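Chemist: Fold the stuff below for me.
(2 chains)
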Amino acid sequence: MKITIFHYFIRQAMVNIFENRLVHLIGIGTMSIAFLIFYTFILIFVNLNYWTEEQGRSLTMSIYFKGEPDRVLIENIEKELFLFPGVTIKGFVSKDDAMKSLRRKLGDKAGLLDGLKENPLPASLEIILSRDKGGDSLPYQLKTKLEKIDTVDEVQYSQEWIRRFQTVMEAIKIVGMIFGGLLFLAALFIITNTIKLTIYSRKEEIEILKLVGATNRFVKIPFMIEGSIQGFLGGAVALIILFLVYIIVITRIDIRIGFASLDIVFLSPQFILFLLFISVIIGFIGSTISLGRFFRT
Amino acid sequence: MIQLFQVYKNFGSKNPALLDINLTVKKGEFVFITGPSGAGKTTLLKIIFCAEKPTSGNALVDGRNLNRIKDRELALLRRRIGVIFQDFKLLPRRNVFENVALALEIMGFPFYMIRKKVHQTLRYLGLANKEGYYPPQLSGGEQQRVAIARAIVNNPLILLADEPTGNLDPDLTMEIMALLKEIHIKGTTVLVATHSQELLKDTTRRIITLNKGRIV
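Modeler: A predicted model of the protein is given here:
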């Protein structure tokens, strides 16, 4: 008997969707827009989070030299640096290379440099430090050690900037969660009202079902299944649109912060499944709320 | 089977729809409720199947006090009451088979049993060749018979019929009345609300007459 009723609920939900396809299409369209806003926000949030973590994982250190250091000195420093875990040599930049690089960056305005009598740019050795392997104290240790070498003028690294950036990101995360929560409620509100439309369009049918002895549960379950299916389809459509927009954005737009190009990542398959699950849950909760209101009136 | 004690129903207007109704219908009885339009016949039936609650007084159906009945109990009680509505109340987007099957589906019958019972009932009512039709494709008489089929398919204890022959020609009227009598013979308590004096002519059944909400 249980299987028969379950079969009835599923069949009824499918029949209702087919018979009221226009109302459902409008509903799914509205839901898709609500979900799209919510998921776009999640995608931006995921990317900011990913980017901070990537940036925080490693940092670049520049060792500036007085004058032009000889090859042996550089090799000795490199050998010493290799003794530290998590150190990768990015490369040596001579005074001339630094000037060439600056001219390239200035482009049309490179002529400004022609008036200089001598090259003021220092030669440098660029290294990358892995935070995971080297630990938090590594940059400071290296800086102290390297600055003791006579030919080394100054050692600079970007950790301070990263730290400040991470503090801002923590704040963004909190604001993001509040904003995300509000968007979730907005999506739920829109969906609840959309499902209410489908329920009210079948008011007479519900009345007849009740008059011939249907329990509230019997009337409600097909609507809940419909709400869940609507949620799933609305979520799927929103994710497809979001993916298409993502493809267009990554192929056409290069997002930069300073000189660093920002990689935009899409949601992982697991996260997509999770969002689809959330869509189903929102559809289910939305229909439950609408039905609750309908049965109270 | 049905007991009404000092039932009073007012929808908010000056004149109450029902006034001081005391009524007992025994198991297996066949009762006509008659009276002019607006006398309170439909309201009385609505109180019996709990589509309306009395403003005051008590109504007991199959031992249940309808003033204190819970939602689930009400649903279970309605499964034991077949109702033939004046306006049929068929689902226009479900075919004849599905409309009749509805009364069994809500009770959780397995599909093979639903199919068997619905076929039997439709054959009994002469609708065997109409099961794939939708209500708008049927005549008034056929729709009436579908409504009867839905009301009797689960062998109810009580059958309430509100103007069951209201829109029918004399031949169909006699046909429907013969069906109701047959259902009654099988043990169902039947209450028929009608304003047609033609139906009551020569009847030996109990007749309850309502006028301006009172039993006269």
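
Chemist: switch to C-alpha atoms for all contacts and neighbour counts from now on
Modeler: Noted.

Chemist: Tell me the residues of chain B that contact chain A?
Modeler: Counting by Cα under 8 Å from any Cα of the partner chain, chain B comes close to chain A at B:51, B:71-72, B:74-79, B:82-83, B:89-91, B:102-103, B:105-111.

Chemist: Produce a PyMOL select command limited to the buried residues of those.
Modeler: Here is the PyMOL command that picks out the buried ones among these, judged by 16 or more other Cα atoms under 10 Å in any protein chain shown:
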select buried, chain B and resi 74+75+76+77+78+79+82+83+89+90+91+102+103+105+106+107+108+109+111
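
Chemist: What about the residues of chain B next to chain A, which are in helices?
Modeler: Those of the residues of chain B next to chain A mapping onto helices are B:71-72, B:74-78, B:102-103, B:105, B:111, per DSSP state H.

Chemist: what is the most centrally placed residue in chain B paired to in the beta sheet?
Modeler: Residue closest to the average C-alpha location in chain B (Cα atoms, centre = their mean): residue B:160, at 2.3 Å. Under DSSP bridges, the beta-bridge partners of residue B:160 are residue B:83, residue B:191.

Chemist: all strands of chain B, in order?
Modeler: B:2-9, B:18-25, B:30-34, B:56-61, B:64-65, B:81-84, B:158-162, B:189-194, B:206-211, B:214-215 (DSSP state E).

Chemist: and the residue nearest to the centre of chain B, what is it in contact with?
Modeler: B:45, B:81-84, B:190-193 (Cα atoms under 8 Å, 6 or more residues apart in numbering or on different chains).

Chemist: try residue A:251
Modeler: Contacts for residue A:251 (Cα under 8 Å, 6+ apart) come out as none.

Chemist: if I look at the nearest residue to residue B:144 once chain neighbours are set aside, how far off is residue B:156?
Modeler: Leaving aside its sequence neighbours, residue B:144 sits nearest to residue B:88 (Cα to Cα, 6 or more residues apart in numbering or on different chains; 6.3 Å). Shown here: residue B:88 relative to residue B:156, a distance of 17 Å by Cα to Cα, to the nearest Å.

Chemist: same thing with residue B:98?
Modeler: In this view, residue B:98 and residue B:156 are 19 Å apart by Cα to Cα.

Chemist: Run the chain-centre distance for the helix or strand of chain B with the lowest mean pLDDT.
Modeler: Counting by mean pLDDT, DSSP states H and E, chain B has its least confident helix or strand at helix B:197-200, which shows a mean of 81. Offset of helix B:197-200 from its chain centre (Cα atoms, centre = their mean, to the nearest Å): 18 Å.

Chemist: helices and strands around that helix, which ones?
Modeler: Counting contacts by 3 or more Cα pairs under 8 Å, 6 or more residues apart in numbering or on different chains; DSSP states H and E, helix B:197-200 packs against no other helix or strand.

Chemist: That one: which residues count as buried?
Modeler: residue B:200.

Chemist: okay, the contacts of residue B:160 in CSV with pLDDT next?
Modeler: Below are the contacts of residue B:160 laid out as CSV (pLDDT from 0 to 100):
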residue, pLDDT
B:45, 92
B:81, 92
B:82, 92
B:83, 92
B:84, 91
B:190, 94
B:191, 94
B:192, 93
B:193, 92
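
Chemist: Determine which two of the residues you listed are furthest apart.
Modeler: B:81 and B:193 (15.0 Å; Cα to Cα).

Chemist: where do the strands sit along chain A?
Modeler: Ranges of strands within chain A are A:58-65, A:87-93, A:124-130, A:152-157, A:256-257, A:260-261, based on DSSP E.

Chemist: Quick check: longest helix in chain B by residues?
Modeler: Looking across chain B with DSSP H, the single longest helix is helix B:170-185.

Chemist: If you count neighbours, what's buried in that helix?
Modeler: Neighbour counts using 16+ other Cα under 10 Å place B:172-173, B:175-176, B:179-180, B:183-184 of helix B:170-185 among the buried residues.
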